[in-house]
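What follows is a predicted structure for the sequence shown.
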Amino acid sequence: MASESHSFSSPAPQALTALAVACFIFFGLLTGKIGQDSRLAVACWLFGGFICQFVAGIMELKDKNHTGGNVMLLFSSFFMLVTALISMAEFICHVNEIHFAMASDPYGWLVLAIALTLFTPAYLVGSPVFFVALLFADATLWFLVALKFQAVLPPPTAALGAAYCVLIVGLLGLYLATANMLNTAFQQTILPVGKPLVVVGKNGALGAHARLSEETVS
């Protein structure tokens, strides 16, 4: 169980719930349901998510979960913290009628899209549900890149594609968080998360969130 594989209890439920919160907020932003006047509130929620993801990332690295810990810190730093800071800056500039240039945004999202896509195969050794969530996260980022560069797809199409992909990521995150919590509490599979698509040898290192798969299935 979680207490056997972690020096602390597993941080997965709170980290995945924080991810879901961010995904639902991004859905609102991309569909226009959350407007410019709510940017400060968005920043507050994402700061909360940053704390959850950052703590989880440090704990995972401490427990030698190389892939999971690094990706959690990537999410906490850029998807949570940087987005929160930009939302706060946008709100302040909007209120004070100050121009806020976003020329660096497309290039930053492009690097994140490339990196997460290249990292995704590492999740084949963990829960297939989480692997599917990462595939939708990859798709979200590439839609965002198309939106930011205003290339390949019309902006409304790119925004809508990113919105529904990120919503699916949020829903899968909630499922995984609940599965981890219930399966660990009852010490049996209440919600299945599946077996790894790729099995690493006994002497090999477990990859991203293989530990999550073990805990929720056990």
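Yes, it's here.

from here on, contacts and neighbour counts on C-alpha atoms
OK.

outside of stretch 151-162, which residues touch it?
Applying C-alpha atoms under 8 Å, 6 or more residues apart in numbering, the external contacts of stretch 151-162 come out as F27, L30, T31, A139, T140, L141, W142, F143, L144, A146, L147.

Go again with 10 Å.
26-27, 29-32, 136-150, 163, 165-166 (C-alpha atoms under 10 Å, 6 or more residues apart in numbering).

Next, S77: secondary structure please.
helix (DSSP: H, G, I helix; E, B strand; the rest coil).

Same question for the longest helix anywhere in the chain: list its buried residues.
Ranked by residue count and defined by DSSP state H, the top helix of the chain is helix 155-186. By neighbour count on 16 or more other C-alpha atoms under 10 Å, the buried set for helix 155-186 is 155, 158-184.

What residues does I114 make contact with?
D138, L141, W142.

got it, and G32?
F26, A159, L160, A163.

what's the distance between it and A137?
20 Å (C-alpha to C-alpha, to the nearest Å).

same check, this time on C52
Between C52 and A137 the computed distance is 19 Å (C-alpha to C-alpha).

what's the answer for P13, then?
18 Å.

what's the neighbour count on S127?
27 (other C-alpha atoms under 10 Å).

Please apply the same query to L147.
22.

thinking it is in contact with P106, fair?
Yes - counting by C-alpha atoms under 10 Å, L147 touches P106, with 8.4 Å between them.

Helices of the protein, start to end?
Using DSSP H, helices in the chain cover 2-5, 12-30, 39-62, 66-74, 83-95, 105-119, 128-149, 155-186, 210-217.

now these in TSV, with mean pLDDT and distance to G201?
Converted to TSV, the helices of the chain look like this (pLDDT from 0 to 100; distance: least, C-alpha to C-alpha, whole Å):
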stretch	mean pLDDT	distance to G201
helix 2-5	46	18
helix 12-30	95	24
helix 39-62	94	21
helix 66-74	91	17
helix 83-95	88	39
helix 105-119	96	20
helix 128-149	96	18
helix 155-186	96	24
helix 210-217	42	13
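
Burial-wise, tell me which of those helices comes out on top.
helix 210-217 (a mean of 24; mean count of other C-alpha atoms under 10 Å).

if you skip the residues just before and after it, what's nearest to F75?
Q53 (7.1 Å; C-alpha to C-alpha, 6 or more residues apart in numbering).

My read is that the one you found contacts L73, right?
Yes - under the criterion of C-alpha under 10 Å, Q53 makes contact with L73 at 6.7 Å.

who touches both of the two?
M80.

Contact partners for the closest residue in space to G170 that isn't next to it in sequence?
Leaving aside its sequence neighbours, G170 sits nearest to A20 (C-alpha to C-alpha, 6+ apart; 3.9 Å). Residues near A20 by C-alpha under 10 Å, 6+ apart: 14, 26, 49, 166-175, 177.
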